[in-house]
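Asker: Could you look at this predicted model? Sequence included:
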Amino acid sequence: MPTSLARPKLVILDRDGVINQDSPDFVKSPDEWIPLPGALEAIARMHQAGYRVVIATNQSGLGRGLFDAATLNAIHAKLKTKLAKANGVVDAIFICPHAPHEGCACRKPLPGMYRSIAQRFEVDLQGVPSVGDSLRDLQAAAAAGCLPWLVLTGNGPKTLAKGGLPDGTVVWQDLAAVAEALEVAVHPEEH
Ligand SMILES: [Mg+2]
Ligand SMILES: [Zn+2]
């Protein structure tokens, strides 16, 4: 594994259950998009530590016809506005819009979105942390060569209890704990 200094300063985040409250009924409108406590501040800390922050999210609600692309854009506009107020930035949001039956290559647990991220940012994903709350996030991360990091928000506790996690999975309490870990990786002398 590359050292923390050699790896690209990029972090990949799942959205629902990691940044905002998940819902079994899907997040279908800006009003239903509710940030988790401390999550936006955590992203701001990652950004300020010099990390590019990329979101990779399955949004099968599009493919299922539960909401349209304009609504998803409005949801992400809310995310970015709230994040900006916390002095945070996301560098990109990658979306799988497909329903499961469409058999695409981008829906996690497949690593298609990760391949696209690697191309867009011209980085090797080896050693790049990828944070999720569901098994499929960790599986996609591992398949792409990322570090599978599980947070115990959203589905995280259930995911941990169920087990079968990819080798090398690291468990964190929440996105704030992830931000702290990334800050330590950047400035070990300050901690
Ligand atoms: Mg999730
Ligand atoms: Zn897809």
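Answerer: Cool, the structure landed. All values reported here derive from a predicted model rather than from experimental measurement. Ligands and ions are numbered 1, 2, ... in the order given.

Asker: for the longest helix seen in the chain, packing partners?
Answerer: Scanning the chain for the helix with the most residues, using DSSP state H, yields helix 69-85. Packing partners of helix 69-85 (3 or more Cβ pairs under 8 Å, 6 or more residues apart in numbering; DSSP states H and E): helix 39-48, strand 92-96. Just so you know, the C-beta spots here come from the backbone N, C-alpha and C atoms, and that holds for glycine as well.

Asker: mind listing the strands for the chain?
Answerer: Along the chain, counting by DSSP state E, strands occupy 10-13, 52-58, 92-96, 129-132, 147-151, 170-172.

Asker: Highest mean neighbour count out of the ones you listed?
Answerer: Among those, judged by mean count of other Cβ atoms under 10 Å, the one packed with the most neighbours on average is strand 129-132 (a mean of 28).

Asker: helices and strands around that one, which ones?
Answerer: Short answer (3+ Cβ pairs under 8 Å, 6+ apart): strand 129-132 packs on strand 10-13, helix 135-143, strand 147-151, helix 175-186.

Asker: could those be laid out in CSV, adding distance to residue 98 and mean pLDDT?
Answerer: As requested, the helices and strands packed on strand 129-132 are exported to CSV (distance: least, Cβ to Cβ, whole Å; pLDDT from 0 to 100):
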stretch, distance to residue 98, mean pLDDT
strand 10-13, 19, 98
helix 135-143, 14, 98
strand 147-151, 22, 98
helix 175-186, 26, 92
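
Asker: among the ones you listed, which is nearest ligand 2?
Answerer: Ligand 2 sits nearest to helix 135-143 of all the helices and strands packed on strand 129-132, at 11.2 Å, using Cβ to the ion.

Asker: Report the closest residue of the protein relative to ligand 1.
Answerer: Closest to ligand 1 within the chain is residue 17: 3.6 Å, counting by Cβ to the ion.

Asker: pretty sure that residue is touching residue 153, no?
Answerer: Yes: using Cβ atoms under 8 Å, residue 17 is in contact with residue 153, at 6.0 Å.
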